[in-house]
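In: Predicted model follows, preceded by the sequence.
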Amino acid sequence: MQERVHLARRIVSLLDLTSLSGSETQAEIDSLCARAAGPCGQVAAICVFARHLPQVNAGLVLRSLQGVELATVVNFPDGDLDTARSIAEMKTALALGASEVDLVFPYWAYLQGWEEEVREFLEACRQACPVRLKVILESGVLGKKETIRAASRLAVECGADFLKTSTGKAEVHATPGAARTMLEVIAETGGRVGFKASGGLRTMKDALVYLKLAEQILGSDWVSPRTFRFGASSLLDDVLAVAERA
């Protein structure tokens, strides 16, 4: 029982509580903020579209919650190879209070062989982003292990702080196979870059698959909110339910 409660608290501390439907109301954003802390502690971040960041910040201040990051998405979800637009989105997000940016890797351009153009895009976005930058690879579209590995290496070379599996909008979300490949690249490049599993994670059982992979490849001491995240919304409900039953 105690182990399940400990695991629940650990997962919550690594969670980017996310709402990216695009149709969120003010009441729904307020409800999201209310879920940021509870019986298993507080989440690592709240991830919403940039326009909601001021409301999220106000909601966290109202609840006296400190240390919850304000995360948002850029170039989302299509991953276009449009540097000027992505940087403009990023600057808007930063002005609205973003402390973390989840940037979609131009995966279609990469698959068409435009590696140098993608590299220039990532380098420019990195230069324009003074906060934590999570690069969303959309691993389900990249598909092959070799392609995911090469894209992961490119993102690390261009200064990504995190590699993230998915937008949650593609047909294939996070998979253990893609996660293993990305974590292996992180290990091979010194373990300086974090990892975020996102898309399709709904239960504590789902989350534990990725947590155990990270511990197996990089060690349990490596895993912390600085290096490992889950991107999800319904995951929190299941984790809290498991803890309550323990």
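Out: The structure has been received and is ready for your questions.
In: wait, doesn't L218 sit right on G191?
Out: Yes - using C-beta atoms under 8 Å as the test, L218 is close enough to G191 to be in contact (5.6 Å). (C-beta placed from N, C-alpha, C; glycine too.)
In: Please say which of those two ends up with more neighbours.
Out: Comparing L218 with G191 by other C-beta atoms under 10 Å, the one with more neighbours is L218, at 18 against 14.
In: for the more buried one, what are its contacts?
Out: Listed by C-beta atoms under 8 Å, 6 or more residues apart in numbering, the contact partners of L218 are 183, 186-187, 191, 227.
In: mind running it again at 7 Å?
Out: Counting by C-beta atoms under 7 Å, 6 or more residues apart in numbering, L218 touches 183, 186-187, 191.
In: cool, and S139?
Out: Contact criterion C-beta under 7 Å, 6+ apart gives 148, 165-166, 178 as the residues in contact with S139.
In: try 8 Å
Out: For S139, the contacting residues are 148, 165-166, 172, 174-175, 178-179, 181-182, taking C-beta under 8 Å, 6+ apart as the criterion.
In: Show me whatever sits in contact with both of L218 and G191.
Out: T227.
In: Which parts of the protein are helices?
Out: Remark: helices assigned in the chain by DSSP state H are 2-13, 26-34, 53-62, 83-95, 107-111, 115-128, 139-142, 145-157, 176-188, 204-218, 234-245.
In: Identify all contacting residues around the last one.
Out: Going back to what we said before, that points to helix 234-245. 4-5, 8-9, 11-12, 15, 17, 35, 38-40, 43, 201-204, 206-207.
In: buried stuff in it?
Out: Neighbour-count burial for helix 234-245, with 16 or more other C-beta atoms under 10 Å as criterion, is recorded at 235-236, 238-240, 242-243.
In: Any chance of these in a markdown table with pLDDT and distance to S31 as columns?
Out: A markdown table is the format used below for those (pLDDT from 0 to 100; distance: C-beta to C-beta, whole Å):
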| residue | pLDDT | distance to S31 |
| --- | --- | --- |
| L235 | 97 | 16 |
| L236 | 97 | 12 |
| D238 | 97 | 17 |
| V239 | 97 | 17 |
| L240 | 96 | 15 |
| V242 | 94 | 21 |
| A243 | 94 | 20 |
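In: quick check, nearest of these to L62?
Out: Within the buried residues of helix 234-245, distances to L62 taken as C-beta to C-beta reach their minimum at L236, with 19.6 Å.
In: could you measure the closest one against R229, distance?
Out: Counting by C-beta to C-beta, to the nearest Å, the gap between L236 and R229 amounts to 13 Å.
In: Overlap in contacts, those two.
Out: Common neighbours of L236 and R229 (criterion: C-beta under 8 Å, 6+ apart): L15.
In: Need the distance between the two termini of stretch 132-146.
Out: Across its full length, stretch 132-146 reaches 26 Å end to end, with C-alpha to C-alpha, to the nearest Å as the criterion.
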